[in-house]
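Engineer: build me a model from this:
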Amino acid sequence: MMGWIGILVLALLILNLIRKEHSPISNKILITVSGIFIFPIVWFQPFVEIPELISVQFSLLPVLFYCVLIKFIWKDYPKATDTFAFISAIVSLVILFIASFISGASFDAVFIGVLLFVMLIVSFIIKKKRWFVLSVSSMVVSGILLSFGQKDSIAWLIYLALAGVILIAMGLANEMKKQQLKTGEETKLSRFMSDWTW
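Structural biologist: Numbers count the residues shown, from 1 in each chain. Down below sits the predicted model:
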């Protein structure tokens, strides 16, 4: 308990160094450094005992918090913050894949499936190709790797079926787009992703 309080106090002391007379960049750096303490503050919080089932997911919560913080603080640098969030997402997915493969728990597999589906939807909302590619490629990887540990799970089989339908639908849409481009037709399908960015 005392160690956790010490970490919290240290984070607050860094925030206390922020001054109006300092440059905006200096204050942003101080907030960014202080934000790193979100990780130990959440990981070592002594108030709630986290069930083993969701321990990995809970441990990754600070990543989400920190990405939001970075996005807010450094909003004038959207490319840098987007890259930071993207790299954080890749690392988090790798951790989730490894944890799910080791545990073999259906909950972990379903959680990854839902997360990837949400990521896919978000990629359409923000129109970012990198997030689309990450979500689709992760579906393929999860289908290959996690099936070994989840092959007897009905929930996992349902996820694989849904992922398969999504991938097949995207493959058909891509083929139809190619055919329309060959014939010179201009349709919504042929313009698919034309206004997306990386």
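Engineer: quick one: residue 2 from residue 72, how far?
Structural biologist: 31 Å (C-beta to C-beta, to the nearest Å). Glycine gets a C-beta too; all of them are placed from N, C-alpha and C.
Engineer: which one's more surrounded, these two?
Structural biologist: Taking neighbours as other C-beta atoms under 10 Å, residue 2 and residue 72 compare with residue 72 leading, 11 against 7.
Engineer: gap between the more buried one and residue 35?
Structural biologist: Here the criterion is C-beta to C-beta. By it, residue 72 lies 10 Å from residue 35.
Engineer: point to the helix or strand of this structure where mean pLDDT is at its lowest.
Structural biologist: Least confident helix or strand of the chain, by mean pLDDT, DSSP states H and E, is helix 147-150 with a mean of 60.
Engineer: for the strand or helix carrying residue 83, which positions count as buried?
Structural biologist: According to DSSP states H and E, residue 83 maps onto helix 78-103. Neighbour-count burial for helix 78-103 flags 81-82, 84-86, 88-89, 92-93, 96-97, 99-101, 103 (criterion: 16 or more other C-beta atoms under 10 Å).
Engineer: list just the nearest of the residues you listed to residue 39.
Structural biologist: If you rank the buried residues of helix 78-103 by distance to residue 39 using C-beta to C-beta, residue 88 comes first, at 11.9 Å.
Engineer: OK, contacts around that closest one?
Structural biologist: By C-beta atoms under 8 Å, 6 or more residues apart in numbering, residue 88 lies in contact with 63, 66, 67.
Engineer: what sits against the residue nearest to the spatial centre of the chain?
Structural biologist: With distances taken as C-alpha atoms, centre = their mean, residue 89 lies nearest the centre of the chain, 3.6 Å away. Counting by C-beta under 8 Å, 6+ apart, residue 89 touches 119, 131, 134.
Engineer: so which of these belong to helices?
Structural biologist: Of the contacts of residue 89, the ones assigned to helices by DSSP state H are 119, 131, 134.
Engineer: isn't residue 63 up against residue 93?
Structural biologist: No: applying C-beta atoms under 8 Å as the test, residue 63 and residue 93 come out as separate, 10.7 Å apart.
Engineer: tell me the one of the buried residues of helix 78-103 nearest residue 143?
Structural biologist: Distance to residue 143 across the buried residues of helix 78-103 (C-beta to C-beta) is lowest for residue 97, with 11.2 Å.
Engineer: tell me the spacing between the closest one and residue 27.
Structural biologist: Counting by C-beta to C-beta, the gap from residue 97 to residue 27 is 38 Å.
Engineer: which stretches of this structure form helices?
Structural biologist: Using DSSP H, the helices of the chain run over residues 2-15, 24-35, 38-43, 55-59, 61-73, 78-103, 106-126, 129-145, 147-150, 154-183.
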